[in-house]
Every structure is written in C-alpha cells, then in structure tokens.
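I'll drop the sequence and a predicted model, then ask my questions.
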Amino acid sequence: MKLRVDSPIIQTGIRIVDLLILNMLWAVGCVPVVTVGASTIAAFTVTLKMAERRESSGVLAAFWTAYAKNLKHGIPLTLIFAVVVYGIWLDWQLFRNLEGNTVGFLIVALLAGFFLLIHYLYVFPLEARYANTMWRSLANSRRIFMRFFVRTLGLIGILVIQVLIFTQISYLLLYIGVFCLPILMIYTTSQVVMPIFRQIEKDGASGDGFSIDREGYSVH
C-alpha cells in the first residue's frame, strides 16, 4: 500500500514531529528564564496557526520570528508572573510554619492564585494573535475566562489531567513529559481557544467590553 504525502497518517506524523521540534525550541527560548513569556507567546503563534491550518512557513523560522517580536511584552509578563508566584509561595510558607491562626495567609494565597489564573490562562495566546497593549491583553484574558467560564473549566481540567499523567504515574512518563508536556499543553490550549477567538472576532468585541475589534487587532 502506497501512502500519499497528504494522507492522514503522514500528516499526523508530520504534526507530531513539528510539535516535538517546537517543544525543543520553546525550552531553548526559556533558557534566560526571563524570556519564558516570550518563548511561550512564540510557541502559541505557531500552534494557533496549526489550529487554523494556515502554517505559512517552517516551525523554526515562525518560532524565532515571533520570539524576537514578543520580547517586549514577554519579559514583563514573565517578571509579573514570577513576583506573584513568589508572593503565593511566601503566604503558603507563613500559613504552614507560623503558630496561631494563619488561615488569612492561606486565603491570600488562594486569592492570588485565582487572580494569576484568570489573567494568565489566555494572555499568551492573546499576545500571539492580537496587536494589543500588555495590560489590555491581561484584561481580555480575564474577560474571556469569565465569559466562557464552562469552556475554561473544561480546559483547566484537561491541562490538569495532562500534568498528572506525565508527573504522577511513572518516572518513564516524567522523562517523556520533559520532551512533550509543555507543547502538548500549549497545543491543547490553542485548540480550545481558537474557536473562542473566532467567535469574538465574528460577534465583535465592543458589546462584551473586550478591547479586540477590527481596528484593534491584527492577526499575526
């Protein structure tokens, strides 16, 4: 049996290889640590195009072009994330180690964690797809989280399951996860968020308070 290049089997294999390469590129892009945000935005730039089936160039060129373009927003997003996570960690340590009533520290940590989640779950794909200010992207992430709450819960559930599969079952899966888990989570998020983006673009953003409209965004 002769397999055609455009057959589903061949195309699936090509997609898997592209994603593995993209995972490696993402890891390399994260090496300076402060560029984790830029690397994640660049990875989303590629996977969102995959979700739309409009890849126009190779993974390598597409990633590094987007990486350089998004350093301006990616680095501050990384630093804000790191500061908030550090604050959550401090509150958790105070809750665990101080004597007396320390529930307040736990409440603050949980609220900060929720604050971080609603602003960061969608901010990287938003930055990858739209030309907006960083603060507007954070606000839009919060609005999408609330408007599409049920779909968001489903996405969070899928991402949690993926993390548990690759981190809690066996050391072999943990090792495999190093090479595929980050990009699997990014690709999964892209598949879920792309229909949301299309709906927002179709309906218009002004009625929902979004700062995305035909004049306010450009599809990268």
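Yep, that arrived.

So for the longest helix along the chain, what gets flagged as buried?
Criterion DSSP state H: the longest helix present in the chain is helix 171-203. By neighbour count with 16 or more other C-beta atoms under 10 Å, helix 171-203 contains the buried residues 177, 180-187, 189-190, 192-194, 196-197, 200-201. (C-beta placed from N, C-alpha, C; glycine too.)

Likewise for stretch 25-33?
Under 16+ other C-beta under 10 Å, the buried positions of stretch 25-33 are 25-26, 29-30.

now the residues you listed in a markdown table, with secondary structure, pLDDT and distance to L138?
Formatted as a markdown table, the buried residues of stretch 25-33 follow (DSSP: H, G, I helix; E, B strand; the rest coil; pLDDT from 0 to 100; distance: C-beta to C-beta, whole Å):
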| residue | secondary structure | pLDDT | distance to L138 |
| --- | --- | --- | --- |
| L25 | helix | 95 | 25 |
| W26 | helix | 95 | 21 |
| G29 | helix | 94 | 21 |
| C30 | coil | 95 | 21 |
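
Dump those into CSV; add distance to L172 as well.
Below are these laid out as CSV (distance: C-beta to C-beta, whole Å):
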residue, distance to L172
L25, 24
W26, 22
G29, 26
C30, 24
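
Now the two most distant members of those residues.
Farthest-apart pair in the buried residues of stretch 25-33 is L25 and C30; separation 9.7 Å (C-beta to C-beta).

Give me the common contacts of the two.
S39 (C-beta atoms under 8 Å, 6 or more residues apart in numbering).

same for the helix or strand of the chain with the lowest mean pLDDT, what does it pack against?
Least confident helix or strand, the chain: helix 8-29 with a mean of 86, by mean pLDDT, DSSP states H and E. Counting contacts by 3 or more C-beta pairs under 8 Å, 6 or more residues apart in numbering; DSSP states H and E, helix 8-29 packs against helix 36-52, helix 59-69, helix 171-203.

Now do the SS call for A131.
Look at A131: counting by DSSP: H, G, I helix; E, B strand; the rest coil, its state is coil.

oh, I was asking about N101
coil.

For it, give me phi and psi.
Dihedral pair for N101: phi -80, psi 100, per degrees, to the nearest 10.

and it, how many neighbours?
Using other C-beta atoms under 10 Å, N101 has 7 neighbouring residues.

try the one 5 residues further on
Applying other C-beta under 10 Å, we find 14 other residues in the vicinity of L106.

so what's it up against?
By C-beta under 8 Å, 6+ apart, the contact set of L106 is 91-92, 95.

Put the buried members of these into a ChimeraX selection.
Listed next is the ChimeraX selection for buried residues among the contacts of L106, using 16+ other C-beta under 10 Å:
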select :91,92,95
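
The contacts of L106 into JSON lines, with extra columns for distance to L71, pLDDT and secondary structure?
Putting the contacts of L106 into JSON lines (distance: C-beta to C-beta, whole Å; pLDDT from 0 to 100; DSSP: H, G, I helix; E, B strand; the rest coil) gives the following:
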{"residue": "D91", "distance to L71": "31", "pLDDT": "90", "secondary structure": "helix"}
{"residue": "W92", "distance to L71": "31", "pLDDT": "89", "secondary structure": "helix"}
{"residue": "F95", "distance to L71": "36", "pLDDT": "87", "secondary structure": "helix"}
